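Undergrad: Below are the sequence and a predicted model; questions follow.
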Amino acid sequence: MNLAAFESMLAIGETVAVEFKRCGNGPGQDVYESVCSFLNRFGGDLFMGVLDDGTVVGVPEKAASDMIKNFISIIGNPSIFAPTVYLVPELVQYQGHTVIHVHVPPSAEVHSYKRVIYDRVDDADVKVTATSHIASM
């Protein structure tokens with residue numbers, strides 16, 4: 001990811017295709033819900049180490065590689081994330097902070113995280129429970 005594109009996304013803020021996550025101690029459940037919703041909608045870009053308002057706080061630099069390994073392990077585990085997906089997180093250095101960026105392409109399949117299907121509505125991840133909504137995905 002180039003610096004100009006990152007700064008542009010920070011300026012625009014969260015959208016249907018951009019999500020910021022603080023991730024102070026590592027990726028939480030909300031990170032995987034966002035990945036799932038991006039896969040089920042139009043795709044998008046996820047930034048770990050950024051507050052909802054676009055303030056870059058970074059993730060602990062020493063923990064970044066373990067955070068990436070954990071992320072890959074979760075999305076590759078079929079009992080947690082189904083169907084599994086292969087994504088390549090990248091480290092972005094910005095004003096002395098380390099940010100983890102994940103580009104999530106749209107998928108032709110319907111994905112679930114912990115057996116729950118998520119969709120992206122504006123800048124939110126929404127649980128999908130109606131079978132008619134799932135069928136339309």
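TA: Looks like it arrived, so ask away.

Undergrad: Show me what residue 127 is bridged to.
TA: residue 118 (DSSP bridges).

Undergrad: Next, count neighbours for residue 17.
TA: When counting by other CB atoms under 10 Å, one arrives at 18 neighbours for residue 17. Where C-beta positions appear, they are placed from N, C-alpha and C, glycine not excepted.

Undergrad: May I see the buried residues of the host helix or strand of residue 38?
TA: Mapping residue 38 onto the secondary structure by DSSP states H and E places it in helix 29-40. For helix 29-40, a neighbour-count test (16 or more other CB atoms under 10 Å) marks 31-40 as buried.

Undergrad: With stretch 95-109 instead?
TA: Buried-residue list, stretch 95-109, by 16+ other CB under 10 Å: 98-102, 104, 107.

Undergrad: Among these, name the ones in helices.
TA: Using DSSP state H, no member of those falls in helices.

Undergrad: Please identify which of these is nearest to residue 7.
TA: residue 99 (11.7 Å; CB to CB).

Undergrad: could I get the helix holding residue 38 in CSV with only the CA atoms?
TA: Taking Å, rounded to 0.1, in the frame of the first residue of the first chain, the C-alpha atoms of helix 29-40 are listed here in CSV:
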residue,chain,number,x,y,z
GLN,A,29,-13.4,-10.9,17.3
ASP,A,30,-14.5,-7.7,15.6
VAL,A,31,-11.5,-7.9,13.1
TYR,A,32,-12.7,-11.3,11.9
GLU,A,33,-16.3,-10.1,11.7
SER,A,34,-15.1,-7.3,9.4
VAL,A,35,-13.1,-9.7,7.2
CYS,A,36,-16.2,-11.9,6.9
SER,A,37,-18.5,-9.0,6.0
PHE,A,38,-16.0,-7.7,3.4
LEU,A,39,-15.8,-11.1,1.8
ASN,A,40,-19.6,-11.3,1.7
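
Undergrad: Show me what it is packed against.
TA: strand 18-21, strand 44-48, helix 64-75, strand 81-82, strand 97-104, strand 112-113, strand 116-121, strand 124-128 (3 or more CB pairs under 8 Å, 6 or more residues apart in numbering; DSSP states H and E).
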